[in-house]
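In: pasting the structure only:
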Ligand code: GLN
């Protein structure tokens, strides 16, 4: 077998303040390098101590992005996938917590042979091994985003590790990009470079000398400010770039291309490749500019205080409108404020209703009220994960004559838990058993990652996808309870997608065919899915369910008005 290529690494750090769009800038650069014909992937290093963001409240850290192989990761990985259209994996996201836990596990196994375990070299070696593990995938180039801001105590071990990495790999194989902030002072009418100077000074004090500086700010650098940064930060003027605020993130690849960023990077790392074709990005931006109608969609959720909680969802809805030259309006409603007596008033003007994923009982009644409204008023509806579960509960209560229908998540010993937890579950009558072991801890007790789903012929879901077998990403503990399959389907609920039977391990005790998608036949478009389709939507390839949902919303509204 041929040896994998030796990948080259681009390390991206951030200075001055957080939320500068480091992930987006890195992803857009990755897209340009991919457009040069290079094999590119990305990695995020997060300095916090959680093993992964899976247990974090979305209000603090935004959405948890899930990869095909079931890693719960930072939302920046969503940007990477949307810009590169390359699937990320468990290797693409490391937190300090994960690094430390690997080090501590090795210590317990005696792998350090009685030595004193220290940040340098043990933690830094572990970080470097994590970064270098990306090379196994035969890549030309890997972009590594170091989370946090230079100067934070927390990110020091990561920065020390990447400093060493450059030394280990050599200059020709490793490049540092520092993204900084250039505030504009209206009183003096100037872009101020001092914060950038200080953050580069900080970086250099730990031995990292940036090769390229990207200045985020409200306007393009003037030749004077560029020269000043070059002089004070000790980089050539042609290695100082502007990243001007953009209204639309998909303009970034073109903007960075115009700046010549990817050409400079390619030259410094001798990456080769052809002149990138940025026409698809230009076409995408042109398509967005052409959007002539608005499609208001009501999102009835529970994490609206931080809109980053719905990052991929928002993107996917946006993508879903593009084929119709429509701009989707993301109208958020706090489920806790939605009640049977105000739901009609709140959701009346929406063309469609979407209930997204979520955890815990807070807001469930509001979601069910919204679903009831969408079902009975023929508003197109998409339920995602918790949204599907609430749709099944609403249907069971209102249509199937099961007033006590509930989810085990909200009522542990409920009379009719149409949504239930498979953990520890075994039905002696059918021989069906749970997928997971009950001993799993909170971080591992979910069905995570990509699972196959076979679509039922003749359904709306099958029509949307246009294929029989799909793979979608999951993140949940609870499932449709197969014990209620007959009762609910006999009342008109349609199962439009099911997991294929799984003959693994013990064919005498097969796992149940999990219900993955439900819909209603006598409704314009009412679909619930147990997975998260938003993770797989791409700007140039909108997800079939979002496209179909937005299309149905437009059509139904036209019919009614
Ligand atoms: N709370 C539900 C579960 O754990 C739904 C999760 C979700 O919406 N991602 O099954």
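Out: Perfect, thanks for sending it. Computed from a predicted structure; not experimentally measured. Residues are numbered from 1 along each chain as shown.

In: Now do the contacts for residue 360.
Out: 302, 409 (Cβ atoms under 8 Å, 6 or more residues apart in numbering). Bear in mind the C-beta positions are built from the backbone N, C-alpha and C, glycine included.

In: and residue 157, how many neighbours?
Out: By other Cβ atoms under 10 Å, 20 other residues sit near residue 157.

In: tell me which element it is part of?
Out: helix 156-169 (DSSP states H and E).

In: Next, the distance between the ends of stretch 111-129.
Out: End-to-end distance for stretch 111-129, by Cα to Cα, to the nearest Å: 15 Å.

In: Pull out the buried positions in that stretch.
Out: By 16 or more other Cβ atoms under 10 Å, the buried positions in stretch 111-129 come out as 122, 123, 124, 126, 127, 128.

In: try stretch 534-551
Out: 534-537, 539, 542-551.

In: Who are the contact partners of the residue lying closest to residue 363 once chain neighbours are set aside?
Out: Nearest non-adjacent residue to residue 363, counting by Cβ to Cβ, 6 or more residues apart in numbering: residue 335, 3.2 Å away. By Cβ under 8 Å, 6+ apart, residue 335 lies in contact with 300, 301, 302, 355, 362, 363, 364, 365, 366, 367, 370.

In: go again using 7 Å as the cut-off
Out: Counting by Cβ atoms under 7 Å, 6 or more residues apart in numbering, residue 335 makes contact with 300, 301, 302, 363, 366, 367.

In: Tell me the bridge partners for the first one.
Out: Right, the one you point to is residue 300. residue 333 (DSSP bridges).

In: Could you say which helix or strand holds the residue sitting furthest away from the middle of the chain?
Out: The centre of the chain is farthest from one residue, residue 114, which by Cα atoms, centre = their mean lies 40.9 Å away. Counting by DSSP H and E, there is no helix or strand that carries residue 114.

In: Need the pLDDT of it.
Out: Residue 114 carries a pLDDT score of 90 in this model.

In: which one of the contacts of residue 335 is nearest residue 457?
Out: residue 367 (30.2 Å; Cβ to Cβ).

In: and the gap between the closest one and the ligand?
Out: For residue 367, the distance to the ligand (Cβ to the nearest ligand atom, to the nearest Å) stands at 11 Å.

In: again, but for residue 531
Out: According to Cβ to the nearest ligand atom, residue 531 and the ligand sit 9 Å apart.

In: Was I right to think that residue contacts residue 515?
Out: No - using Cβ atoms under 7 Å, residue 531 is not in contact with residue 515; the gap is 11.3 Å.

In: what about residue 80, neighbour count?
Out: The burial count for residue 80: 30, using other Cβ under 10 Å.

In: Show me what the nearest residue to it once chain neighbours are set aside is bridged to.
Out: Leaving aside its sequence neighbours, residue 80 sits nearest to residue 42 (Cβ to Cβ, 6+ apart; 4.3 Å). Partner residues in beta bridges with residue 42, using DSSP bridges, are residue 143.

In: distance of residue 42 from the ligand?
Out: Residue 42 is 24 Å from the ligand, by Cβ to the nearest ligand atom.

In: Around the ligand, pick out the residues from the stretch 251-400 of the chain.
Out: With Cβ under 6 Å from any ligand atom as the criterion, the stretch 251-400 of the chain meets the ligand at residues 357, 358, 359, 385, 386, 389.

In: So which of those is the closest to residue 410?
Out: Comparing those against residue 410 with Cβ to Cβ places residue 389 closest, at 9.5 Å.

In: ok, back up a step: closest to residue 324 among the buried residues of stretch 111-129?
Out: residue 127 (45.9 Å).

In: Is residue 312 in contact with residue 64, as I believe?
Out: No - contact criterion Cβ under 7 Å: residue 312 and residue 64 do not qualify, at 9.9 Å.

In: Between these two, which is the more surrounded one?
Out: Using other Cβ under 10 Å as the criterion, residue 312 and residue 64 rank with residue 312 on top: 26 against 23.

In: residues in contact with the closest residue to residue 409 other than its chain neighbours?
Out: Leaving aside its sequence neighbours, residue 409 sits nearest to residue 478 (Cβ to Cβ, 6+ apart; 5.2 Å). Residues near residue 478 by Cβ under 7 Å, 6+ apart: 389, 407, 408, 409, 419, 420, 421.

In: got CSV for these, with pLDDT too?
Out: Listed next are these as CSV, based on pLDDT from 0 to 100:
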residue, pLDDT
389, 98
407, 96
408, 93
409, 92
419, 95
420, 89
421, 83
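
In: Please tell me which one of those residues counts the most neighbours.
Out: The contacts of residue 478, ranked by neighbours (other Cβ under 10 Å): first place residue 389, 29 neighbours.

In: burial measure for residue 403, as a count.
Out: 11.

In: quick one: it and residue 393 touch, right?
Out: No - counting by Cβ under 7 Å, residue 393 is not a contact partner of residue 403; they are 10.8 Å apart.

In: Specify the local secondary structure of residue 358.
Out: Under the three-state scheme (DSSP: H, G, I helix; E, B strand; the rest coil), residue 358 adopts coil.

In: Phi, psi for it please.
Out: phi 180, psi 170 (degrees, to the nearest 10).

In: next one: residue 50
Out: phi -60, psi 150.

In: per-residue pLDDT, it?
Out: The score at residue 50 is 90. That number is its pLDDT.

In: Pull up the gap between it and residue 95, please.
Out: 6 Å (Cβ to Cβ, to the nearest Å).

In: Between the two, tell me which one has more neighbours.
Out: More crowded of residue 50 and residue 95, by other Cβ under 10 Å: residue 95, with 21 against 16.

In: who touches the more buried one in this structure?
Out: Residue 95 neighbours (Cβ under 7 Å, 6+ apart): 46, 48, 50, 51, 52.

In: could you redo the last one with a cut-off of 10 Å?
Out: 44-53, 73-74, 101, 147 (Cβ atoms under 10 Å, 6 or more residues apart in numbering).

In: Now it: closest residue in space, sequence neighbours ignored.
Out: Excluding its sequence neighbours, the residue lying closest to residue 95 (Cβ to Cβ, 6+ apart) is residue 46, at 4.5 Å.

In: if I read this right, that neighbour contacts residue 72, doesn't it?
Out: No - counting by Cβ atoms under 10 Å, residue 46 does not reach residue 72; the two are 11.8 Å apart.

In: joint contacts of the two?
Out: With Cβ under 10 Å, 6+ apart, residue 46 and residue 72 have common neighbours 52, 53, 93.

In: out of those residues, which is most surrounded?
Out: Among these, the one with the most neighbours (other Cβ under 10 Å) is residue 93, at 27 neighbours.

In: picking up where we left off before, could you dump the shared contacts of residue 46 and residue 72 into a markdown table and include secondary structure and distance to residue 234?
Out: As requested, these are exported to a markdown table (DSSP: H, G, I helix; E, B strand; the rest coil; distance: Cβ to Cβ, whole Å):
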| residue | secondary structure | distance to residue 234 |
| --- | --- | --- |
| 52 | coil | 37 |
| 53 | helix | 36 |
| 93 | strand | 32 |
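
In: Mind putting the residues you listed into CSV with distance to the ligand?
Out: Formatted as CSV, these follow (distance: Cβ to the nearest ligand atom, whole Å):
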residue, distance to the ligand
52, 15
53, 14
93, 18
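
In: Just name the closest of the residues you listed to residue 166, please.
Out: Nearest to residue 166 among those, counting by Cβ to Cβ, is residue 93 at 21.7 Å.

In: Check what pLDDT that closest one gets.
Out: Reported pLDDT for residue 93: 95.

In: quick one: the strands in the stretch 251-400 of the chain?
Out: Ranges of strands in the stretch 251-400 of the chain, per DSSP state E, counting those that start in this stretch, are 293-301, 326-334, 352-355, 381-384.

In: Which strands or helices does the second one pack on?
Out: I take that to be strand 326-334. Identification of packing neighbours for strand 326-334 by 3 or more Cβ pairs under 10 Å, 6 or more residues apart in numbering; DSSP states H and E yields strand 293-301, helix 311-321, helix 343-347, strand 352-355, helix 364-376, helix 544-560.
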